[in-house]
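S.K.: Attaching a predicted model along with its sequence, questions to come.
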Amino acid sequence: MSGILNTTDVAEALKDYYLEGLRYQLNDKASVLLAQLERNSEDVSGEQIVMALRSGRHGGVGNRADDGTLPTANSRKTKKAKWATKNLFARFQITDKVIKASRNDKGAFARMLTQEIEDCETDAKLDHSRQALGDGTGALATISSVSALVLAVNSTMYFAEGMLVDIYTGATKDTSEAEVTAVDHDALTVTVSSATGAAANDVIYIAGNKGLELTGLDAVFAQTGSIYGLDRATYPWLKAPRINVNGEIAEVKIQEAIDKGEVRAGSVIDLMLCSMGVRRAYYNLQLAQKSHVNTLELKSGWKALAFTGGNQEVPLTADKYVEAGKIYCLDMSDWAFYHMGDYEWLDADGAMLSRVANKAAWEATLARYADIGCAKPKGQIELYGIVEH
């Protein structure tokens, strides 16, 4: 037997050859937002993230008479947020039969292994990109009606054939790990392998993910409930401002958002993230004005359109998972990706490649423990209600 033809050799290849490439793809190429986030492990204690949230103005500033009493020092208010890191996994399997069938063809085995890992990498990138923009619940859509195994939903943007999903009525799981077998984006329907107990107003989630996903942009821009363990009703400065455009995009509306961030929180908006339809609308606006659209280079090779706002050019870029009609205006100095460490193979038991229980197959799992945090939600602005093109 020669080449990569046993589990020990496969494990060595996963660690020495594939790991760095997977880290690069998941850190820098999963989404433009994730690529721009500062990595922070210093503020992670054990499995807990500790983040200081600052609000208000410093009170020790003022004018006095020549012999007057100096201003009273009164620091900005600080509230410590503390919450647990989220658990991110990417797992793939390879059958024992494939390993043995390749014993005389090292190249065929390497190609097969590479394909399995690339498929896992691609799906992990898509899922992490979706989570970075989500609300942390894992919800994909709400069901409007059920016809056998065909579910009419309010949106199909997150669905693809082969996905496994759970269906819940409130906190009760009605359907577990149903496979998505067909998606009709025009008819807004999803066909699943099982729909036990599914009914109108039920919510579809990524299988096993309910309430366990990253604290993404939609969680930060929510107006009610808690974030980072703190209640917005008690701390209203945790609410990120939202502006209803209610029509076509206009440069004056974008400038309004940039100005609002500066006036209300001293923020400097340096990244704007929009839906693809809004990006097309912005293109159309520039064409109508016969304006030349410049591009800007972002970290990790991402590119963006340039919007000249105030004294600087602000990058405007799109992500397929941003909801229709939206632009998120962000001060990236307020954001961080808090993590216990980079992606690693699960190998604490000494076996990076483990046999799948009751199957003639082997599996490997990448793991990372992390979450996204925004130290100043009040300085981030959302534009919504924009007509798409």
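M.R.: Now that the structure is in, tell me what you want to look at.

S.K.: any idea which residue sits dead centre in the protein?
M.R.: Ala132 (1.0 Å; Cα atoms, centre = their mean).

S.K.: Hmm, that one is touching Ala35, no?
M.R.: No: Ala132 is not in contact with Ala35 according to Cβ atoms under 8 Å; the separation is 10.0 Å. All C-beta atoms are positioned from the backbone trio N, CA, C, and that covers glycine.

S.K.: circling back: tell me the pLDDT at the residue nearest to the centre of the chain?
M.R.: We have a pLDDT of 97 for Ala132.

S.K.: Would you quantify the distance from it to Ala73?
M.R.: 39 Å (Cβ to Cβ, to the nearest Å).

S.K.: just Ala11 next, same as before
M.R.: For Ala11 relative to Ala73 (Cβ to Cβ), the value is 59 Å.

S.K.: ok, which stretches of the stretch 201-350 of the chain are strands?
M.R.: 203-206, 226-227, 230-231, 242-247, 271-274, 295-297, 303-309, 312-318, 327-330, 335-339, 344-345 (DSSP state E, counting those that start in this stretch).

S.K.: In TSV, list the ones you listed along with mean neighbour count and distance to Lys359.
M.R.: Shown next, in TSV, are these (neighbours: other Cβ atoms under 10 Å; distance: least, Cβ to Cβ, whole Å):
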stretch	mean neighbour count	distance to Lys359
strand 203-206	21	23
strand 226-227	20	41
strand 230-231	14	45
strand 242-247	14	49
strand 271-274	25	41
strand 295-297	13	47
strand 303-309	18	44
strand 312-318	19	41
strand 327-330	27	43
strand 335-339	22	32
strand 344-345	18	20
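
S.K.: Of those strands, which shows the lowest average pLDDT?
M.R.: Across the strands of the stretch 201-350 of the chain, the lowest-scoring stretch is strand 303-309, with a mean of 88.

S.K.: quick one: contacts for the residue nearest to the centre of the chain?
M.R.: Residues near Ala132 by Cβ atoms under 8 Å, 6 or more residues apart in numbering: 30-31, 33-34, 214, 216-217, 372.

S.K.: ok, it to Leu126 distance?
M.R.: As for Ala132, its distance to Leu126 is 11 Å (criterion: Cβ to Cβ).

S.K.: So for the two, which residues contact both of them?
M.R.: Shared contacts of Ala132 and Leu126, counting by Cβ under 8 Å, 6+ apart, come down to Ala30.

S.K.: of all the contacts of Ala132, which comes closest to Glu344?
M.R.: Ala30 (16.9 Å; Cβ to Cβ).

S.K.: hey, C-alpha coordinates of stretch 46-65 in CSV?
M.R.: This file holds the C-alpha atoms of stretch 46-65, laid out as CSV (Å, rounded to 0.1, in the frame of the first residue of the first chain):
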residue,chain,number,x,y,z
GLY,A,46,-12.5,30.7,29.4
GLU,A,47,-15.5,30.3,27.1
GLN,A,48,-16.9,33.8,28.1
ILE,A,49,-16.6,37.0,26.1
VAL,A,50,-16.2,40.1,28.1
MET,A,51,-16.9,43.4,26.3
ALA,A,52,-17.1,47.0,27.7
LEU,A,53,-20.1,48.9,26.4
ARG,A,54,-19.6,52.7,26.7
SER,A,55,-22.4,55.2,26.6
GLY,A,56,-23.1,59.0,27.2
ARG,A,57,-20.6,61.8,27.3
HIS,A,58,-17.7,62.6,29.7
GLY,A,59,-18.9,65.1,32.3
GLY,A,60,-15.6,66.7,33.3
VAL,A,61,-15.7,69.2,30.4
GLY,A,62,-16.7,72.8,30.9
ASN,A,63,-15.8,76.5,31.3
ARG,A,64,-15.3,78.3,34.6
ALA,A,65,-14.4,81.7,36.0
